[in-house]
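Engineer: please work out how this folds:
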Amino acid sequence: MSRLSAFCLIICAAGFGFVGCNTTSETLEYEVPTSALVKSFSLSADTKVLDNLDKVFFSIDLVTGNIFNADSMPYGTKTDKLVPVITTGGASAVELVVPRPGQSDTTYNYLENSTDSIDFSSGPVKLKIQSLNESVTKVYTIKVNVHNVKSDSLSWGDIAYMELPTSLPYVEAQHTLKFKGKAYCLTSEGNNYCLASSDNPAAKIWEYKKVTFGQNMKVSTFRASNDAMYILDIDGNMYKSADLGESWTQTGQKYEYLIGGYGDIMLGTVKDGDKWKIAGTDGSSTDAPAEFPVTGTSVPLEYTFPMSSTRQLTVVGGVKASGELTGCAWGFDGSNWACLSSAPLPDALEGVTLVPYYVFAENEYWVATKESIFVAIGGKNDTGECNTTTYISYDYGMSWRKGSDLMQLPKYVPGLYDAQTLVFTSELGSRASEAITSWECPYIYMFGGEFSNGLISNTVWRGVINRLSFKPLQ
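Structural biologist: Next up is the predicted model:
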């Protein structure tokens, strides 16, 4: 090492200079004195602004000099009068430089008055800290993040996402399901049938095929098990397709109603004289309980129950053998059916749309935790009126309650029954090798449905909890 280089290193270590005295083109960096470092940053408590404001966590990046709350504060939080709490290593000067659009910046001396309220609403605030020996000044950038939208709102966009995917000029009936990772939308006009498929509804790219059944079909009974698609004709005869809807054959079985698939078995209801039975394509048959919904249930959800090693199938709502509507959820574990609901839907409904989704619970530190829920949308009551209230269950259908205002459908989304919801993830952002710039976001796609007058809704709506579309914390 040259004498000049050695001399430069000594100067840097003493804190009197920076960079640069090297016989090569490389730059030598010095270590910022600890007295010029920010040890902690927070905001003073102020319930007029936000409960637990003092517990909002701020990250301090000593390399880039950025101070920020990665988990943004709720939509609408006021940031124009916040009192920062700053801890340093014993700096000789601490100043906050606040931007004033159209005016000169305002500088606050934090050491002289640490209770001054600071306006963070006009953009990042500069924090200047001078070391104890006054040889180094470190400049930080403070950004107080607030969500631009209500983060926990179930947002459906301002208009319908798209029209129902079909090659038919007019849609008289439709039903959409998810099978082997793809969405399949069956539509009909008279005796003409179209089956549209897509593995990415977000792209709005669908493949269309003409389907020939040879009979008039009840499109509303279009269902799928793990290995095949099923549908009933108007006389209750079951048809099956094991080749993604290319060809259909009769199974020789008749049903009044198809509930849905459990594994490779298709389940439905059969009326035997005055008795109703629940039957499966595996040959199983059992008497339907008196309170069981024999028609008009939601499309079932199949999932693994945390307290059970077997798969569970759940439906909600429907019409009992007596003709009365129910608001209960029923579950099937592969052997037995049981009523799950100790607290049913507040309204007895048929044609409810059931979807598995998420909400977020925030603790006192404003850290959000994702929770799985069931969401019940739409359906119609015993007067034929469409329900517009969204209900949620945190316990797999055992108890139901009205969702928060943020979970309710906006007024421009009409009340519908017999709509179908599918959840598909979309990649947001762009790919990168290191920092998170892309992530998967689960969107709800709600297909069709009927209005209270029986007319088909020819639209697809797309919804998402806003928070799920935000870039993940890193």
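Engineer: show me the domain layout of this protein.
Structural biologist: Domains of the chain are assigned by automatic domain parsing as 32-143, 154-469.
Engineer: just name the most buried of those domains.
Structural biologist: Burial among the domains of the chain, expressed as mean neighbours by mean count of other CB atoms under 10 Å, is greatest for domain 154-469, which shows a mean of 17. C-beta coordinates here come from the backbone N, C-alpha and C atoms, glycine included.
Engineer: I figured Trp330 hits Gln312, correct?
Structural biologist: No. Counting by CB atoms under 8 Å, Trp330 stays clear of Gln312, with 10.7 Å between them.
Engineer: where does the stretch 201-350 of the chain dip in pLDDT?
Structural biologist: Along the stretch 201-350 of the chain, segments meeting pLDDT under 70 span 305-308.
Engineer: so which residues of this structure form helices?
Structural biologist: Using DSSP state H, the helices of the chain run over 3-13.
Engineer: the closest residue to Ala329 other than its chain neighbours: what's it in contact with?
Structural biologist: Leaving aside its chain neighbours, Ala329 sits nearest to Gly397 (3.2 Å; criterion: CB to CB, 6 or more residues apart in numbering). Gly397 makes contact with 314, 316, 329, 331, 340-341, 374 under the criterion CB atoms under 8 Å, 6 or more residues apart in numbering.
Engineer: how close does Gly397 sit to Ile265?
Structural biologist: Going from Gly397 to Ile265 by CB to CB, to the nearest Å gives 20 Å.
Engineer: how about Val367?
Structural biologist: Applying CB to CB to Val367 and Ile265 gives a distance of 43 Å.
Engineer: relative to Asp233, how far out is Lys252?
Structural biologist: One correction, residue 252 is Gly, not Lys. Distance, Gly252 to Asp233, using CB to CB: 13 Å.
Engineer: my error: substitute Val219 in the last question.
Structural biologist: Spatial separation of Val219 from Asp233 under the definition CB to CB is 10 Å.
Engineer: cool, Leu428 as well?
Structural biologist: Distance from Leu428 to Asp233, counting by CB to CB: 43 Å.
Engineer: one more: Asn466?
Structural biologist: Here the criterion is CB to CB. By it, Asn466 lies 43 Å from Asp233.
Engineer: tell me which residues touch Lys320, please.
Structural biologist: Applying CB under 8 Å, 6+ apart, we find Lys320 in contact with 290-294, 326.
Engineer: do Asp199 as well
Structural biologist: Contacts of Asp199 were listed using CB under 8 Å, 6+ apart, and they are 181-183.
Engineer: hmm, try it at 6 Å
Structural biologist: Lys182 (CB atoms under 6 Å, 6 or more residues apart in numbering).
Engineer: how close does it sit to Ser426?
Structural biologist: Distance from Asp199 to Ser426, counting by CB to CB: 12 Å.
Engineer: can you check Gly252 too?
Structural biologist: Gly252 is 42 Å from Ser426, by CB to CB.
Engineer: please apply the same query to Val294.
Structural biologist: For Val294, the distance to Ser426 equals 37 Å [CB to CB].
Engineer: give me the contact list for stretch 411-424.
Structural biologist: 156, 176, 178, 183, 201, 299, 351, 353, 355, 378-380, 386, 388, 442, 444-450, 457, 461.
Engineer: then stretch 183-198?
Structural biologist: Defining contact as CB under 6 Å, 6+ apart, one finds that stretch 183-198 is touched by 165-168, 170-177, 182, 201, 206-209, 211, 219, 222, 245, 422.
Engineer: likewise for stretch 108-127?
Structural biologist: With CB under 6 Å, 6+ apart as the contact definition, stretch 108-127 has outside contacts at 79-84, 94-99, 101, 139-144.
Engineer: need the contact partners of stretch 439-447.
Structural biologist: 176, 201, 355, 419-423, 425-428, 460-464, 468-469, 472.
Engineer: sitting in strands, which of these do you find?
Structural biologist: Using DSSP state E, the members of the contacts of stretch 439-447 that fall in strands are 176, 355, 420-423, 425-428, 460-464.
Engineer: what about the strands in the stretch 1-150 of the chain?
Structural biologist: 38-43, 59-61, 66-68, 84-88, 93-98, 106-109, 125-130, 137-143 (DSSP state E, counting those that start in this stretch).
Engineer: one step back: can I get the contacts of Gly397 in a markdown table with distance to Asn52?
Structural biologist: As requested, the contacts of Gly397 are exported to a markdown table (distance: CB to CB, whole Å):
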| residue | distance to Asn52 |
| --- | --- |
| Thr314 | 36 |
| Val316 | 36 |
| Ala329 | 35 |
| Gly331 | 38 |
| Leu340 | 36 |
| Ser341 | 35 |
| Phe374 | 30 |
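Engineer: from these, which is closest to Phe57?
Structural biologist: In terms of CB to CB, no member of these lies closer to Phe57 than Phe374, at 31.4 Å.
Engineer: for Val94, see how far away the closest one is.
Structural biologist: Look at Phe374 and Val94: by CB to CB, they are 52 Å apart.
Engineer: among the contacts of stretch 411-424, name the ones in strands.
Structural biologist: Using DSSP E, the subset of the contacts of stretch 411-424 located in strands is 176, 178, 183, 353, 355, 442, 444-447, 461.
Engineer: check contacts around Asp279.
Structural biologist: Not quite, residue 279 is Ala, not Asp. Ala279 neighbours (CB under 6 Å, 6+ apart): 270, 285.
Engineer: can you do 8 Å?
Structural biologist: Contacts of Ala279 (CB under 8 Å, 6+ apart): 253, 255, 267-270, 285-286.
Engineer: do the same with Gln103
Structural biologist: With contact set as CB under 8 Å, 6+ apart, Gln103 has no partners.
Engineer: tell me how far it lies from Asp274.
Structural biologist: 84 Å.
Engineer: repeat that for Ser399.
Structural biologist: According to CB to CB, Ser399 stands 33 Å off from Asp274.
Engineer: can you check Val355 too?
Structural biologist: As judged by CB to CB, Val355 and Asp274 stand 35 Å apart.
Engineer: surely Asn296 is in contact with Val315?
Structural biologist: Actually, residue 296 is Gly. It isn't Asn. No. The pair Gly296 / Val315 is not scored as a contact, 9.8 Å apart, by CB under 8 Å.
Engineer: contacting residues around the residue nearest to Ile86 when sequence neighbours are not counted?
Structural biologist: Using CB to CB, 6+ apart and skipping the chain neighbours, the partner closest in space to Ile86 is Phe41 (5.7 Å). By CB under 8 Å, 6+ apart, the residues touching Phe41 are 58, 60, 67, 84-87, 142.
Engineer: quick check, nearest of those to Ala321?
Structural biologist: When these are compared for distance to Ala321 (CB to CB), Phe58 wins out at 60.6 Å.
Engineer: nearest spatial neighbour of the closest one, skipping sequence neighbours?
Structural biologist: Closest residue to Phe58 apart from its sequence neighbours, by CB to CB, 6+ apart: Phe41 at 4.7 Å.
Engineer: can you check Val316 too?
Structural biologist: The shortest distance from Val316 to any non-neighbouring residue, by CB to CB, 6+ apart, is to Ala329 (4.3 Å).
Engineer: end to end, how far does stretch 71-80 reach?
Structural biologist: 19 Å (CA to CA, to the nearest Å).
Engineer: now tabulate the contacts of Ala279 in CSV and tack on distance to Ser393.
Structural biologist: Shown next, in CSV, are these (distance: CB to CB, whole Å):
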residue, distance to Ser393
Gln253, 32
Tyr255, 28
Leu267, 21
Gly268, 24
Thr269, 24
Val270, 29
Ser285, 30
Thr286, 26
